[in-house]
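J.: Prediction below, plus the sequence it came from.
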Amino acid sequence: MSDRRQFCAGLAGMAVLPKITWARVAAMKTVFYASAGAQLSLYQVDDRNLSLARDSTVTLPAAMQYGWPHPSGQFLYAAYSNRAGSNIGDTNGVSAFRIDSKTGRLRPAGRSLKLSSRPINITVDAKGAYLLVAYNDPSGVTVHPIDSDGSPGAAIRQGASIDAGVYAHQVRVAPSNRSVILVTRGNDATSAKPEDPGAIKVFEFRGGQLSDEQSIAPGNGFGFGPRHVDFHPSKPWMYVSMERENQLQVFGLQDGRLTLQSLFAKTTLLDPANVHPSQVVGPIHFSHDGKFVYLANRADRTVDFQGKKVFAGGENNMAVFRVDQTTGNPTLIQNIDTQAFHARTFSIHPDGGMLVAASIAPMFVRDGEQVKQIPAALSVFRVKSDGRLTFVHKYEMEIGLGLSFWCRMFAIPGD
């Protein structure tokens, strides 16, 4: 165990990004990965032309759910599951890959972690010592030590019981590395069952142990459906994408505790007075300087037309907010169409100049009295100095490989 901790501490000491200047990060090689079903592909990034070139692909045991790089930039963790809809699935786990420092290509590292249920989200702490896994059903979270070969070990038995709420959707370690945030979305009411309340769970995090739970659930969690969070890089603020409310909410985060109520709540929609059924907000990411925060609006409800399921309306765009650096108040400054449907995932280049959004699947749309198909795609945007986006181009993704659940751009250290 001491060897593992020394190994992880050594990697973290040389490579945790907050300790590296952004000028150095911009000079490092940037890699981009995107999933489609069980396929995880590397794309080479042309920073000057904001273009992507598919390089190589690895295949996971089942559809990729989420990924997270080790803070050293040497490993990538990929969660997978074959659970879908009514199929409860029987293949769940996390694969560890070593990242080639010259090319970004992936090869297996150590052993895979086998799990009993779907890992919907994963993260790694800032020191690279622990992998954390969130599960949506049954809702839960586990903590795993990272061994010297980069592979995650068996779950650490927790000394305190954990209330994981309903439908955990994300786990993050706060910038202090002393708190863990578990985002539990809840579920909307249906004709068959009432609403399940949502909550944000906050835990003290020491030595792989989660304790001293705080539960943030305004209105007892009803009408409170958080999906993902991100942290301001230098201020004590946490920003939350509220999936079921189509909102951005801001909470204070000080000394490992969240404010009980949001400081600000803003719509993410261009036309909030005309919300279509199944309209939801998705992932959220900050710019590296904390001046802007980005979210994806998603809609994919369909109706029958000419014998096909065609898009029934709604917003599929990126919402851009400018952040007041004194108060944390976000102001919506742009909604820009992704020119594809249901962007479940997006990522921002480490230098802040490029954003890529990945749509989940193709969609049929009406074209007068005809029907045409809009392919799933990687939509590339230029990020201007004022935070606003301009569409550059898109790359169609292969139909039939599976849904695109995750993508990420990040810098690797090189030789």
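T.: Noted; the coordinates are in hand. Residues are numbered from 1 along each chain as shown.
J.: buried set for stretch 313-329?
T.: Applying a neighbour-count criterion of 16 or more other CB atoms under 10 Å, one finds 314-323, 328 buried in stretch 313-329. Every residue, glycine included, has its C-beta placed from N, CA and C.
J.: Pull up the distance across that stretch, start to finish.
T.: Start to finish, the residues bounding stretch 313-329 are 30 Å apart (CA to CA, to the nearest Å).
J.: Can you pull the phi and psi angles for the spatially most central residue of the chain?
T.: The residue lying closest to the centre of the chain (CA atoms, centre = their mean) is residue 283, at 5.6 Å. Main-chain dihedrals, residue 283, degrees, to the nearest 10: phi -70, psi 170.
J.: confidence score at it?
T.: pLDDT for residue 283: 97.
J.: So it sits against residue 298, correct?
T.: No: counting by CB atoms under 8 Å, residue 283 stays clear of residue 298, with 9.4 Å between them.
J.: shared neighbours of those two, which are they?
T.: Both residue 283 and residue 298 are contacted by 343-344, under the criterion CB atoms under 8 Å, 6 or more residues apart in numbering.
J.: that older thread, just checking, which of the buried residues of stretch 313-329 belong to helices?
T.: With DSSP state H as the criterion, helices contain none of those.
J.: I'd like these as CSV, with distance to residue 134 and pLDDT appended.
T.: Shown next, in CSV, are those (distance: CB to CB, whole Å; pLDDT from 0 to 100):
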residue, distance to residue 134, pLDDT
314, 27, 97
315, 27, 98
316, 26, 98
317, 27, 98
318, 25, 98
319, 24, 98
320, 27, 98
321, 25, 99
322, 30, 98
323, 26, 98
328, 26, 98
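J.: residue ranges of the helices in the stretch 1-150 of the chain, please?
T.: With DSSP state H, counting those that start in this stretch as the criterion, the stretch 1-150 of the chain has helices at 2-15, 22-27.
J.: Which of those helices comes out lowest on mean pLDDT?
T.: Of all those, helix 2-15 has the smallest average pLDDT, which comes to a mean of 40.
J.: need the contact list for residue 221.
T.: Applying CB under 8 Å, 6+ apart to residue 221 gives the contacts 165, 186, 197-199.
J.: Same list (these) but as TSV, adding pLDDT and distance to residue 135.
T.: TSV is the format used below for the contacts of residue 221 (pLDDT from 0 to 100; distance: CB to CB, whole Å):
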residue	pLDDT	distance to residue 135
165	97	11
186	97	15
197	98	18
198	98	16
199	98	15
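J.: which one of those residues is nearest residue 131?
T.: Ranked by distance to residue 131 (CB to CB), the contacts of residue 221 are led by residue 165 at 20.8 Å.
J.: distance of residue 150 from residue 94?
T.: 11 Å (CB to CB, to the nearest Å).
J.: Residue 126 now?
T.: Where residue 94 is concerned, residue 126 sits at a distance of 19 Å (CB to CB).
J.: Which members of the contacts of residue 221 occur in strands, if any?
T.: residue 199 (DSSP state E).
J.: Within its sheet, name the partner strands of the helix or strand that contains residue 355 and how each one runs.
T.: Per DSSP states H and E: residue 355 is located in strand 354-359. Each strand that pairs with strand 354-359, with its direction, by DSSP bridges: strand 343-348 (antiparallel), strand 377-383 (antiparallel).
J.: Among the buried residues of stretch 313-329, which one lies nearest to residue 362?
T.: residue 316 (12.7 Å).
J.: what residues are up against the closest one?
T.: Neighbours of residue 316 in contact, by CB under 8 Å, 6+ apart: 297-299, 337-338, 340-343, 359.
J.: ok, and the most crowded of those residues?
T.: residue 359 (30 neighbours; other CB atoms under 10 Å).
J.: what's the neighbour count on residue 87?
T.: Neighbour tally, residue 87, other CB under 10 Å: 8.
J.: pLDDT wise, what is residue 349 at?
T.: On pLDDT, residue 349 comes in at 97.
J.: Kindly report the same for residue 88.
T.: Note on residue 88: pLDDT of 79.
J.: hang on, the earlier thing: could I get the contacts of residue 221 as TSV with neighbour count and distance to residue 82?
T.: Formatted as TSV, these follow (neighbours: other CB atoms under 10 Å; distance: CB to CB, whole Å):
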residue	neighbour count	distance to residue 82
165	24	25
186	23	25
197	19	29
198	29	26
199	25	28
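J.: Closest one of the contacts of residue 221 to residue 391?
T.: Once CB to CB is applied, the member of the contacts of residue 221 that ends up nearest residue 391 is residue 198, at 32.9 Å.
J.: mind listing what the nearest residue to the closest one once chain neighbours are set aside touches?
T.: For residue 198, ignoring the flanking residues on the chain, the nearest one in space by CB to CB, 6 or more residues apart in numbering is residue 186 at 3.3 Å. Residue 186 makes contact with 165-167, 195-199, 221, 224-225, 244, according to CB under 8 Å, 6+ apart.
J.: Dump those residues to JSON lines, plus distance to residue 67.
T.: Formatted as JSON lines, the contacts of residue 186 follow (distance: CB to CB, whole Å):
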{"residue": "165", "distance to residue 67": "23"}
{"residue": "166", "distance to residue 67": "25"}
{"residue": "167", "distance to residue 67": "20"}
{"residue": "195", "distance to residue 67": "31"}
{"residue": "196", "distance to residue 67": "27"}
{"residue": "197", "distance to residue 67": "29"}
{"residue": "198", "distance to residue 67": "24"}
{"residue": "199", "distance to residue 67": "25"}
{"residue": "221", "distance to residue 67": "29"}
{"residue": "224", "distance to residue 67": "27"}
{"residue": "225", "distance to residue 67": "24"}
{"residue": "244", "distance to residue 67": "25"}
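J.: Filter the contacts of residue 316 down to just the ones in strands.
T.: 297-298, 337, 343, 359.
J.: List just the nearest of the residues you listed to residue 69.
T.: residue 343 (20.7 Å).
J.: my read: that closest one touches residue 298, true?
T.: Yes: counting by CB under 8 Å, residue 298 is a contact partner of residue 343 at 6.2 Å.
J.: Much appreciated, bye for now.
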